[in-house]
Each structure stands twice: as C-alpha cells, then as structure tokens.
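pasting the sequence and the predicted coordinates here, then a few questions.
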Amino acid sequence: MEGESSWISHYLDDISKDNGEFDTFSELSDESNKEAVVSVDLILPDDLLERILAYLPIASIFRAGSVCKRWHEIVSSRRFLWNFSHVLSQKPWYFMFTSSDEPVGYAYDPILRKWYSIDLPCIQTPSWFISSSCGLVCFMDNDSRSELYICNPITRLCKKIEELPGLRFSDYSALAISVNRTLRNYTISIVKSKQVPGNFFQWDLSIHIYESETMMWMTSLTEVLTGWRGGDESVVCGGVLYFLIYSTGVGTSENRHGLITYNLTSCSAPLIRSFIPVPGPLTCGRLMNIREKLVMVGGIGKQDRPDIIKGIGIWELNGRDWHEVAKMPHKYFQGFGEFDDVFASSGTDDLIYIQSYGAPALLVFDMKLKQWKWSQRCPVSKKFPLQLFTGFCFEPRLEIAP
C-alpha cells in the first residue's frame, strides 16, 4: 500500500481494532520506557544483555537495534546470533499474499499480534510452490517446476538451487523442505506425477531428493500407480516424506484421498504398501510438521456429497492411525463467510493457520492449548469478487542461512 515502509526499514504495521491505523516504532514508545532502558543499559554487561535480547520476539530485536549504538552492535554480532540460535523457537509467522499476480503481502506475528510489510526475495508470483522449515523457505516455479530458490524471509538471504535434471514438466508436483536444526543442512524433496500416455488410470510417480551437503539431486524412486495420482501436498517429519495421493476413479475406494509414507533414509518401496487411508471423506487435505508429528487439516465432506465442505477437522498421525485433535467450532467456520471446498492451511511449532481463499480473515489454532483465535485484522480488504488470498507460515529466524 502506498506510503508504507517495508519490514527492512523497521516499520511496524500495527493494526488497531478501533481505527485500523498504522503506528511506527517511535509512536509505540514512551519516555518512561526509555528511562528504564537506559538504567538497564548501564548495569548489564554485554554477555548478559545479549542473552536477554536473544529471547525477545524478532520484531523487538529489530527495534532494540535502533535504541543506541551499543545495542545495534550487540544484535548484529555473531555471538548474539549464536545465543539466538539456542532459543528453541520463535512462534511461526504467517505470510498472506494480498495479490493474485504479485508476490506482495503482509506477515502476521502471533506474539505481538501485529502485521508487517515484508518483501519476499526470489519468488515471482503467489502461485509458486512453497515449503518452509526452521526459518528457511523454498520456492519452486509453477511453469517448468524446475526453478528453485531457498531463502530466509527475515534476513532476505537467498540462494538458487541447481536445476533438477531430467523431467522438467509434470502434471502434478509436491514440494517439501526439511532443515536439520543442529547441523544446519537441509533436504528438499519433490514428488512428481505425470499421466501415462493414453492411460488415464496409470500415473508415473517419481521422488527427487536434493541434499545441501552434496549440492546434488538424486532420483530415489520411480513407480507407476494405478487408480491413484500424486498431487501438490507433501511434508517431511522425522526423516519420513509424507504426501497425499488422489483417486482417479478406478476401483472401489471410498475416499478420494490417501496418504503415502516414504522413508528418506531407507528409500522404502513399493509405495502402495505404505498406503494409509484418510479419516473419512475430505474435500481437501493440508499436511504439516508439528513438532516432528504429522498433522493434517482437512475439509470434512458431506456424507451424500463428499465434494461439498461442511466443516474442518485436525488430525494427528500416530503410527498408522489418525487421532482427532479438534474440529473447528461452527461459529468460526461461519466467521469466514463463504468458505470454499479447498482452503489454505499451514503450521509449525504449536500453531496452525487456516485461511479461506476468498477473504483475508486468518484463524489460528493452538495445538497445545486447544484454543481457536482470530488474528488481528489484516491491513487489506477484498476489492473485487474474484480476488483470491493465500499464504504460508514460516519460523522467523536470524541465524539460519541458505
């Protein structure tokens, strides 16, 4: 929006419930706070101050860096980043695209309940494939599906990944990234699915793995599925790749969706042996890694019309069995207004975000507290009937780099 500064220039888009105006850093501070900061600054040695600042929310760290020269040097130092890396996690943010054509939007901070204007590097349109893990976000183009980038949205450090050799185009692709928090390396997986020529019921499926340590791609599996095809939903939990497959209408399958598990270490095969049914008829499913547990958010279909959504459920996979975590209360389901059969949802740590494609409303579910809560109102409104909104969540980190 015109006249607003970006996240990098430390501008906070603080949304007020009453008037919806934006506040800058200077407007949010007062003289009493400044006096308290000065007294602490005189007492604490650098090493102790570093540890304290490392536990602040990301936005507060950026603000702290503008307090004085000493604080700026502290939050910019390598030792501070080392201290910050030992903070277990920051609550995940949610980036909401506010345009169907341009990769522009706002990021929501659930701790301070504020929206920030952030410019995403590398990505060209919101329709690109997106996956995130431990502060890194991976983007893949939606045309050739071979152009990949990995970046840190907070520091804006970005790296282009070597192009996947071989198959450039596929009918369906699913992207997932997994970051090792200890070693700081990462694995990117792409599940590609392409129809066998002249046979609608058979689909070629292949799994491609990229390791940051070797900086090389490996095609770990190729297989033909009958009656099922791959899609665009996948995630890695505990070294296991999970992805949804979709019925092509052959056979007697009661559900249109199924789950496949693939161990990235042992490279298990054939895939169909690892098939896990989904918990009832779903209009769509969204997979996410919640503390190394697979969690699925799904649209619950009507019994007589399974393609029409009647509610939203959350399930956790234990072994091969699904455990129901929660169902969205009807008042929240109605709060979205018109809700499509498919929707955006992603999560990590203990938070799950759910968003309708047709509106900028954002609902947050806390897995630990089993609590539903609306976010602060996003600083954008729907301007025309066909305007679409989508987004993704990521963990804000300073120390992780591509």
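Arrived safely.

the nearest residue to Cys134 once chain neighbours are set aside and Asn289, how far apart?
The shortest distance from Cys134 to any non-neighbouring residue, by CB to CB, 6 or more residues apart in numbering, is to Val179 (3.8 Å). (Each C-beta comes from the backbone N, C-alpha and C, glycine too.) Distance of Val179 to Asn289, computed by CB to CB, to the nearest Å: 10 Å.

shared neighbours, these two?
Jointly contacting Val179 and Asn289 under the rule CB atoms under 8 Å, 6 or more residues apart in numbering are Ser133.

confirm for me that the residue nearest to Cys134 is in contact with Ile188.
No - if you go by CB atoms under 8 Å, Val179 and Ile188 don't touch, sitting 10.0 Å apart.

the nearest residue to Ile58 once chain neighbours are set aside: what secondary structure?
Closest residue to Ile58 apart from its sequence neighbours, by CB to CB, 6+ apart: Pro396 at 4.3 Å. Three-state call for Pro396 (DSSP: H, G, I helix; E, B strand; the rest coil): coil.

check contacts around Pro396.
Residues near Pro396 by CB under 8 Å, 6+ apart: 58, 90, 92-93, 109, 135, 153-154.

kindly indicate which of the residues you listed lies nearest Leu244.
Using CB to CB, Pro92 comes nearest to Leu244 of the contacts of Pro396, at 21.6 Å.

would you agree the closest one is in contact with Phe394?
Yes - Pro92 is within contact range of Phe394, at 6.3 Å (criterion: CB under 8 Å).

is the nearest residue to Arg256 once chain neighbours are set aside bridged to anything, and to what?
Closest residue to Arg256 apart from its sequence neighbours, by CB to CB, 6+ apart: Ser247 at 4.9 Å. Beta-bridge pairing of Ser247 under DSSP bridges involves Trp228.

can you give me how far stretch 308-319 is from the chain middle?
Stretch 308-319 has its C-alpha centroid displaced from the chain centroid by 18 Å (CA atoms, centre = their mean, to the nearest Å).

measure stretch 307-327 end to end?
Taking CA to CA, to the nearest Å, the first and last residues of stretch 307-327 lie 18 Å apart.

what's it in contact with?
Defining contact as CB under 8 Å, 6+ apart, one finds that stretch 307-327 is touched by 242, 256, 259, 276, 278-279, 283, 290, 293-302, 328, 330, 333, 339-341, 343, 352, 354, 365, 367, 370, 372.

run the last query once more with 7 Å
With CB atoms under 7 Å, 6 or more residues apart in numbering as the contact definition, stretch 307-327 has outside contacts at 276, 279, 283, 293-302, 328, 333, 339, 341, 352, 354, 365, 367, 370.

so how do I select the buried members of those residues in ChimeraX?
Filtering those down to the buried ones (16 or more other CB atoms under 10 Å) takes a single ChimeraX command:
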select :276,279,283,294,295,296,297,298,299,300,301,328,333,339,352,354,365,367
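
still on that earlier bit, of the contacts of Pro396, which one scores lowest on pLDDT?
The member of the contacts of Pro396 with the lowest pLDDT is Gln90, at 77.

so that residue: helix, strand or coil?
Recorded secondary structure, Gln90: coil (three-state DSSP).

that one touches Ala59, doesn't it?
No - counting by CB atoms under 7 Å, Gln90 sits too far from Ala59 to count as a contact (10.0 Å).

which parts of the stretch 251-400 of the chain are helices?
For the stretch 251-400 of the chain, the helices defined by DSSP state H, counting those that start in this stretch occupy 330-335.

just the strands in it please.
Listed in chain order, the strands found in the stretch 251-400 of the chain under DSSP state E, counting those that start in this stretch are 257-263, 276-277, 282-290, 293-301, 309-318, 321-327, 344-348, 351-355, 362-366, 371-374, 390-394.

in JSON lines, list these along with distance to Glu163.
Putting the strands of the stretch 251-400 of the chain into JSON lines (distance: least, CB to CB, whole Å) gives the following:
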{"stretch": "strand 257-263", "distance to Glu163": "23"}
{"stretch": "strand 276-277", "distance to Glu163": "33"}
{"stretch": "strand 282-290", "distance to Glu163": "26"}
{"stretch": "strand 293-301", "distance to Glu163": "29"}
{"stretch": "strand 309-318", "distance to Glu163": "33"}
{"stretch": "strand 321-327", "distance to Glu163": "37"}
{"stretch": "strand 344-348", "distance to Glu163": "26"}
{"stretch": "strand 351-355", "distance to Glu163": "31"}
{"stretch": "strand 362-366", "distance to Glu163": "34"}
{"stretch": "strand 371-374", "distance to Glu163": "41"}
{"stretch": "strand 390-394", "distance to Glu163": "23"}
